[in-house]
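Participant: Give me coordinates for this.
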Amino acid sequence: MPNLRLADLTAEIEANVRRALLEDIGSGDITAQLIPAERLAKATIITREACVIAGTAWVDAVFRQLDPRVAVHWQVADGDRAQANQPLFHLEGPARSLLSGERSALNFLQMLSGVATRARLLADLVQGTQVRLLDTRKTLPGLRLAQKYAVTCGGCHNHRIGLYDAFLIKENHIAASGGVAEAVTAAHRIAPGKPVEIEVETLDELRQALAAGADIIMLDELTLDEMREAVGITAGKAKLEASGGVREETLREIAETGVDYISIGAMTKDVKAVDLSMRLSL
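Facilitator: Have a look, this model is predicted:
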């Protein structure tokens with residue numbers, strides 16, 4: 001499944017920002033009214049910790065929607081590594097607008113950079129192997145595409161976007177469908193051309209999935225030895241994805257079994273926002 005591209009997210013970014021500004025500013029920023037409307041200001045946004053940047057387009061959209069008079073001058077780009085206390089961007093414009101947009105802009109940047117930073121750390125752990133690290137659907141409601149884009153900024157990759165663009169047949173689907181072969185066969189019939197992935201818990205189920213023509217087979221919490229055996233059994237006839245119980249301490253070992261993919265829900269689910277700060281000058 002292809003990675004999301006920023007060029008495909010224009011409408012999504014505008015919608016994300018509209019909701020954020022409505023949520024934060026509502027009928028108007030009453031605190032900003034303490035400042036004379038004509039007063040101009042400058043601001044510098046720094047990161048207080050090392051990170052990987054993601055979310056610049058969301059920041060741009062915040063100030064574009066809020067007040068087009070605000071100029072945003074970037075010192076970094078998505079995917080860049082930044083060091084603690086490094087300036088990320090500068091703002092110039094009406095002081096009221098800089099302060100009203102600060103929280104929404106930084107919320108997007110610190111959350112998405114947090115995802116990218118986590119993804120980069122994980123990608124570095126498997127550097128030199130052929131494995132691709134995948135995100136999952138464990139994302140913040142309403143911000144799935146934003147988080148999945150941030151994953152790519154950190155050097156990892158996107159799994160399916162939702163329930164509509166690929167099959168992922170899990171234990172309950174298999175039981176309700178009548179078995180592994182029945183589920184895979186039905187999936188190919190229902191949506192020809194859509195990727196069909198199925199979860200297996202044993203090597204016997206793996207063999208069934210291969211015989212049924214699955215495109216991708218998810219190895220759910222198999223041991224390292226079972227994963228190595230699965231790679232040998234599969235022999236390139238399908239892609240293999242390791243999932244479940246993946247930790248930083250075991251990530252490299254799993255990658256070295258020869259599986260094609262490792263999916264990691266924590267990449268987006270357990271995100272820690274990067275610590276950012278805005279310094280205003282009049």
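Participant: In contact with E12, which residues?
Facilitator: Residues near E12 by CB atoms under 8 Å, 6 or more residues apart in numbering: 145-146. Backbone N, C-alpha and C define where each C-beta goes, glycine included.
Participant: For the helix or strand encompassing it, the averaged confidence score.
Facilitator: According to DSSP states H and E, E12 maps onto helix 10-25. Helix 10-25 comes out with an average pLDDT of 98.
Participant: got it, and stretch 216-224?
Facilitator: 96.
Participant: What would that stretch look like as PDB? C-alpha coordinates only.
Facilitator: Taking Å, rounded to 0.1, in the frame of the first residue of the first chain, the C-alpha atoms of stretch 216-224 are listed here in PDB:
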ATOM      1  CA  ILE A 216      -0.200 -10.600   2.700                       C
ATOM      2  CA  ILE A 217      -0.100 -12.900   5.800                       C
ATOM      3  CA  MET A 218       0.000 -11.400   9.300                       C
ATOM      4  CA  LEU A 219       1.900 -13.500  11.800                       C
ATOM      5  CA  ASP A 220       0.200 -12.800  15.100                       C
ATOM      6  CA  GLU A 221       2.500 -13.200  18.000                       C
ATOM      7  CA  LEU A 222       4.500 -16.100  16.600                       C
ATOM      8  CA  THR A 223       7.900 -16.900  18.100                       C
ATOM      9  CA  LEU A 224      11.100 -15.800  16.400                       C
END
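Participant: In that stretch, which residues are buried?
Facilitator: Neighbour counts over stretch 216-224 (16 or more other CB atoms under 10 Å) mark 216-220, 222 as buried.
Participant: Could you tell me which of the residues you listed are located in helices?
Facilitator: Taking DSSP state H, every one of the buried residues of stretch 216-224 sits outside helices.
Participant: got TSV for the residues you listed, with distance to L98 too?
Facilitator: Output for the buried residues of stretch 216-224, formatted as TSV (distance: CB to CB, whole Å):
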residue	distance to L98
I216	47
I217	52
M218	47
L219	50
D220	49
L222	53
